[in-house]
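attaching a predicted model along with its sequence, questions to come.
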Amino acid sequence: MTPIQDVLHRIQWDPEFGNARFMIGYYDRLDDRIVRVPFQQVHLARGEHFSFDVVDEDGTTRMVPFHRVREVWRNGVLIWQRKGA
């Protein structure tokens, strides 16, 4: 399976592949559910190997560990899913 960091970096840096609508689904422990956010709300910091930040609709920034990402959607099609999730 392709590591989630590779998928996110490809979206970010491959102009042909990244020219689409992406949704990232991550597991929220507190709400016990998968939260889907547009890739535009994901902030990948250079050199960060553990997590990324997501800005909620109310402007709150949340740190999401890479291991909590469960799915990636491209133009409404599931293109990546963590096994066992």
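Sure thing, it's come through. Keep in mind it's a predicted model, so treat the numbers as computed, not measured.

partners of the residue sitting nearest the centre point of the chain in the sheet?
Nearest to the geometric centre of the chain sits I24, at 3.6 Å (C-alpha atoms, centre = their mean). On the basis of DSSP bridges, I24 is bridged to V37, V72.

show the pLDDT at it.
pLDDT recorded at I24 is 97.

residues touching it, list them.
Taking C-beta atoms under 8 Å, 6 or more residues apart in numbering, we find I24 in contact with L8, R36, V37, P38, F39, V42, V54, V69, E71, V72, W73. (C-beta placed from N, C-alpha, C; glycine too.)

nearest to K83 among those residues?
Taking C-beta to C-beta as the measure, K83 sits nearest to E71 out of those, at 11.3 Å.

nearest residue to that closest one in space, ignoring adjacent ones along the chain?
Distance criterion C-beta to C-beta, 6 or more residues apart in numbering; nearest residue to E71, sequence neighbours excluded, is G25 at 3.9 Å.

what does I79 give?
V72 (5.5 Å).

is it true that that neighbour touches F66?
No. V72 lies out of contact with F66 (C-beta atoms under 8 Å); the separation is 11.8 Å.

intersection of neighbour lists for these two?
Contacts common to V72 and F66, judged by C-beta under 8 Å, 6+ apart, are I4.

who's more crowded, those two?
Comparing V72 with F66 by neighbour count (other C-beta atoms under 10 Å), the higher total belongs to V72, at 22 against 16.
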